[in-house]
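Novice: I'll drop the sequence and a predicted model, then ask my questions.
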Amino acid sequence: MTYFRDMWQLAIQGDTQGIWFWAAIYMLCVCTYSLIFQIRMRYWPYTFGELKNIGVARFGAKVLVKSEQDYISKAMYQYRVSGVTYDGTRVSPWIIVASHNSRGLLEKQMTSIQRSADGRVKVFYNPNKPQKSYLIIAGQMGIAITLLISVLPLIAFYFKYYV
């Protein structure tokens, strides 16, 4: 506990070591929450739904310089769980905002949507809240990246200040 108190005092004083420590702790907490969510999501059931609309949409206000415009992926789909029809809009738990020049990343993301032979899409839904759904769930690579992002700041902190 003394160590945490010392790091808090350093952060309050604006010292880089204290700020870095607490930023690393923050990243660990946020990414751990995300990691748990991603792992739980991999066990969600799925159903097949009808895709109404999918594409890349402008994000934020329209800008004059095209290369400065941001985009996100958008979707509208409908699916049934236990006889109840739901409308979904979430593509992925990874919300990617891309510039005009890199919006191809969003189009690449949408190729991960699984489709059946008859054109319907696989919809993963929360069994406790079936109205919450995604078309893409976190893969092993996404989980590994989240884990890496969660621990790298603490590892870097350790090597900077203790090795």
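Specialist: Great, that's in hand. Numbers count the residues shown, from 1 in each chain.
Novice: which residues in the chain form helices?
Specialist: Counting by DSSP state H, the chain has helices at residues 2-12, 16-41, 104-110, 140-162.
Novice: how about those helices in TSV, adding distance to Asp118, mean pLDDT and mean neighbour count?
Specialist: The C-beta positions use only the backbone N, C-alpha and C, and glycine is treated the same way. Conversion of the helices of the chain to TSV gives the following (distance: least, Cβ to Cβ, whole Å; pLDDT from 0 to 100; neighbours: other Cβ atoms under 10 Å):
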stretch	distance to Asp118	mean pLDDT	mean neighbour count
helix 2-12	57	95	12
helix 16-41	25	95	15
helix 104-110	19	82	15
helix 140-162	28	93	13
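Novice: Tabulate those helices in CSV, adding columns for distance to Phe59.
Specialist: Formatted as CSV, the helices of the chain follow (distance: least, Cβ to Cβ, whole Å):
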stretch, distance to Phe59
helix 2-12, 33
helix 16-41, 21
helix 104-110, 10
helix 140-162, 21
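Novice: Please name the residues that touch the spatially most central residue of the chain.
Specialist: Among the residues of the chain, the one closest to the centroid is Trp94, at 2.5 Å (Cα atoms, centre = their mean). Going by Cβ atoms under 8 Å, 6 or more residues apart in numbering, Trp94 touches Gln109, Ile136, Ala138, Gly142.
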